[in-house]
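**Student:** here are the coordinates; sequence isn't available:
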């Protein structure tokens, strides 16, 4: 009984701190310290050792490097090349240029680990263009908000690095495992857009039947970008490189591409590096706080009690996942994805393991659930970005994004029913 | 005078953090290229890890001032100004205490590593107090930044991070034009 009250007290403390606007890393550290008070363990010493161990980590170095790579490409003309390169190929598909949103986001996601950045970059390019051509606002905004979430699932992904570091799962494996689910999600988005176009017939007619040569010509700028994706992902898949090494190669490649396209200046170089430092410091500090909270939780023994309690409920893994999905979607309305991932690994991972759920699969699941949280109001970053870009109110943006929300939830169900989609590629990886 | 010194302090530690990030990239690339040429960069993994810790902690204060550390501002933004000021003050007091506690114990960790001469396990037996002291230093600068913001809030000014957060919101909305 005392344990239960204590646990409820800790959860309440956490939510009060977060809700009041405490910086997330500090909130994690405070809850960890309070949790340890009764255990008699040296709080400060445990804090210093776990935080040092979490920060001085070779695995974690993949984080700033991938963020840096994304920041460099973000400042190059990548998005423009993508739009110009993809658009001529989409004219004949039902849904036409709307597929540029989906496929462009998917490709951009292969460089940027961030959903909001994907959404903002692709949106800035396509929204004015599609609106000018007379595409209805609702489907344009919805498809960008939905497809922007691919940034989390298609490697490299910041969320996956955070999960991999916090749950001690191989980051390279997580990246490779995310490929097929990412492609599946892209296919479903595209099918929905095509179906929507066929049923409503609300799209303007595109007069694009330019000859193959013309189309290839306008796509030529995309080639180096696609090559870089292949090198980065292929080197991990082939076992030539760890996630960190692939990231360093990605940084070098991004610098070369940006030099060749004439966007590499001292200014853009240092801007990208500083921006990467800011994001990486912020996430590393949250991870440090989470490492301490995880250690503190182990001292209290609460996760063990939680495992025992959930064991008595006799839930099947599917029922547990369904319950967790609802919990995460609700949580996602209030806190951001990174915090959600580190809180889950600190508190719930033993429960997940005890239920016999594979940690690699759970990582992919977690990332997709976080995607959902990106498009649920009131705290959905993609919704904010599009609200800012289009000037529509958040309610409208959320409403037109709703079909994409359901597609992502359906994808979770498909992955639960067919876990092979996650496991197939990693099982083929060379070591 | 003091203002200029403090801003210089955050900027210098921010620049050092950025350089450390660049160093990580250089180290990892050197390791990859070295491997092709049959040269081993000794303890590159360890050094990349130290650079990571240094970058993360030296960047703390600068990122804090720039409003880069995330938090939930949903409720904060809805309070009337007077209440908001009280809340920010309370948050800053707790943040200052927490960062001071952290900085103190990171310093103690460094001191113990120095006294017991703890060394890295790898090829290069780096004394651990060296990278740890950089981390402790970054944490101390963070304490200074917290006190600085607390002082600003006490005098009724808008803390630097809050101004940066507001600016960012404005910038996002401003993208409408672009």
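**Tutor:** Okay, I see it. Small disclaimer: the values here were computed from a predicted structure and weren't measured.
**Student:** which bits of the stretch 51-200 of chain A sit near chain B?
**Tutor:** Residues of the stretch 51-200 of chain A lying close to chain B by C-beta under 8 Å from any C-beta of the partner chain are A:51-52, A:55-58, A:60-61, A:64-65, A:68, A:120, A:124. Heads up, the C-betas are built off the backbone N, CA and C, glycines and all.
**Student:** Which one of these sits in the busiest neighbourhood?
**Tutor:** residue A:64 (32 neighbours; other C-beta atoms under 10 Å in any protein chain shown).
**Student:** before we move on, what SS does the closest residue to chain B within the stretch 101-250 of chain A have?
**Tutor:** Relative to chain B, the nearest point of the stretch 101-250 of chain A is residue A:248 (3.8 Å; C-beta to the nearest C-beta). The local conformation at residue A:248, judged by DSSP: H, G, I helix; E, B strand; the rest coil, is helix.
**Student:** burial count for the residue nearest to it when sequence neighbours are not counted?
**Tutor:** Excluding its sequence neighbours, the residue lying closest to residue A:248 (C-beta to C-beta, 6 or more residues apart in numbering or on different chains) is residue B:28, at 3.8 Å. By the criterion of other C-beta under 10 Å, residue B:28 has 30 neighbours.
**Student:** Now do residue B:28, the pLDDT please.
**Tutor:** According to the predicted model, the pLDDT of residue B:28 comes to 94.
**Student:** right, and the helix or strand after the helix or strand containing it?
**Tutor:** Here residue B:28 is covered by helix B:2-37, with elements defined by DSSP states H and E. Using DSSP H and E, the helix or strand that follows helix B:2-37 in sequence is helix B:44-65.
**Student:** how much does that next one deviate in direction from helix B:2-37?
**Tutor:** Interaxial angle of helix B:44-65 relative to helix B:2-37 (axes from the mean of the first three to the mean of the last three C-alpha atoms, to 10 degrees): 150 degrees.
**Student:** The residue nearest to residue A:248 against residue B:49, yeah?
**Tutor:** No: using C-beta atoms under 8 Å, residue B:28 is not in contact with residue B:49; the gap is 11.2 Å.
**Student:** joint contacts of these two?
**Tutor:** residue A:61 (C-beta atoms under 8 Å, 6 or more residues apart in numbering or on different chains).
**Student:** Tell me the buried residues in the helix or strand hosting residue B:82?
**Tutor:** Per DSSP H and E: residue B:82 is located in helix B:81-115. Buried residues in helix B:81-115, counted by 16 or more other C-beta atoms under 10 Å in any protein chain shown: B:84-85, B:87-88, B:91-92, B:94-96, B:98-107, B:109-110, B:112-113.
**Student:** ok, now stretch A:59-77?
**Tutor:** A:59-76.
**Student:** what is the mean pLDDT for that stretch?
**Tutor:** So the average pLDDT for stretch A:59-77 ends up being 87.
**Student:** quick one: residue B:138 and residue B:61 touch, right?
**Tutor:** Yes: the pair residue B:138 and residue B:61 passes the contact test of C-beta under 8 Å, sitting 7.4 Å apart.
**Student:** Overlap of the contact sets of the two?
**Tutor:** Common neighbours of residue B:138 and residue B:61 (C-beta under 8 Å, 6+ apart) are residue B:13.
**Student:** On the three-state scheme, the spatially most central residue of chain A is what?
**Tutor:** Nearest to the mean C-alpha position of chain A, by C-alpha atoms, centre = their mean, lies residue A:152 at 2.0 Å. State at residue A:152, reduced to three classes by three-state DSSP: helix.
**Student:** how much space between it and residue A:346?
**Tutor:** 20 Å (C-beta to C-beta, to the nearest Å).
**Student:** ok, the residue of the stretch 101-250 of chain A closest to chain B - how many residues close by?
**Tutor:** When neighbours are counted by other C-beta under 10 Å, residue A:248 comes out with 30.
**Student:** One more: residue A:395?
**Tutor:** So residue A:395, with other C-beta under 10 Å, has 10 neighbours.
**Student:** try residue A:315
**Tutor:** By the measure other C-beta under 10 Å, the count of residues near residue A:315 is 15.
**Student:** That one falls within a helix, correct?
**Tutor:** No: per three-state DSSP, residue A:315 lies outside any helix segment and is coil.
**Student:** which non-adjacent residue is nearest the residue most central in space within chain B?
**Tutor:** A centroid search over chain B (C-alpha atoms, centre = their mean) returns residue B:60, at 1.3 Å, as the residue closest to the centre. Using C-beta to C-beta, 6+ apart and skipping the chain neighbours, the partner closest in space to residue B:60 is residue B:142 (4.2 Å).
**Student:** surely the one you found meets residue B:99?
**Tutor:** Yes: using C-beta under 8 Å, residue B:142 makes contact with residue B:99 at a distance of 5.0 Å.
**Student:** Other residues contacting stretch B:139-159?
**Tutor:** Stretch B:139-159 is contacted from outside by B:6, B:9-10, B:13, B:57-58, B:60-61, B:64-65, B:85, B:88-89, B:92-93, B:95-96, B:99-100, B:102-103, B:106-107, B:160-161, B:166, using C-beta under 8 Å, 6+ apart.
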